[in-house]
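Asker: Sequence first, predicted coordinates after that:
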Amino acid sequence: KAWTSTATLLALVAAVARTLQRNNDWRSGVSLMEADVQTNPRNAKLHSALADEYMKVGRVKDAELWYRSGLAVLPSHAETWYNLGLL
């Protein structure tokens, strides 16, 4: 029984720590997408989502960089081509 309680406590502490860490990611759309791309760098849709967030805050050059980065991962992603064309 002591082993189960210890394991449960450790799992709870780990979950709380991860939640506190992830809370920092939620400061803004840009910070959230930056963290997600860092976690999943081969996900082209996340690259595009980060570019979208950069567009929302007027960082057009950064948006272009991330749209192009997403296309390097998945060249057939039509939505990213479309968004890049809107720049």
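Answerer: Yes, it's here.
Asker: In the protein, where's the longest helix?
Answerer: helix 2-25 (DSSP state H).
Asker: Run through who's touching it.
Answerer: 31, 32, 34, 35, 36 (Cβ atoms under 8 Å, 6 or more residues apart in numbering). Any C-beta I mention is one placed from the backbone N, CA and C, and that applies to glycine too.
Asker: Now, these that are in helices?
Answerer: Those of those lying in helices (DSSP H): 31, 32, 34, 35, 36.
Asker: Could you report the separation of the last one from residue 74?
Answerer: Note on residue 36: its distance to residue 74, by Cβ to Cβ, to the nearest Å, is 16 Å.
Asker: With neighbour numbers in mind, choose between those two.
Answerer: residue 36 (17 against 14; other Cβ atoms under 10 Å).
Asker: for the residue most central in space within the chain, what are its contacts?
Answerer: By Cα atoms, centre = their mean, the mean C-alpha position of the chain lies nearest to residue 36, the distance being 2.1 Å. Residues near residue 36 by Cβ under 8 Å, 6+ apart: 25, 43, 46, 49, 50.
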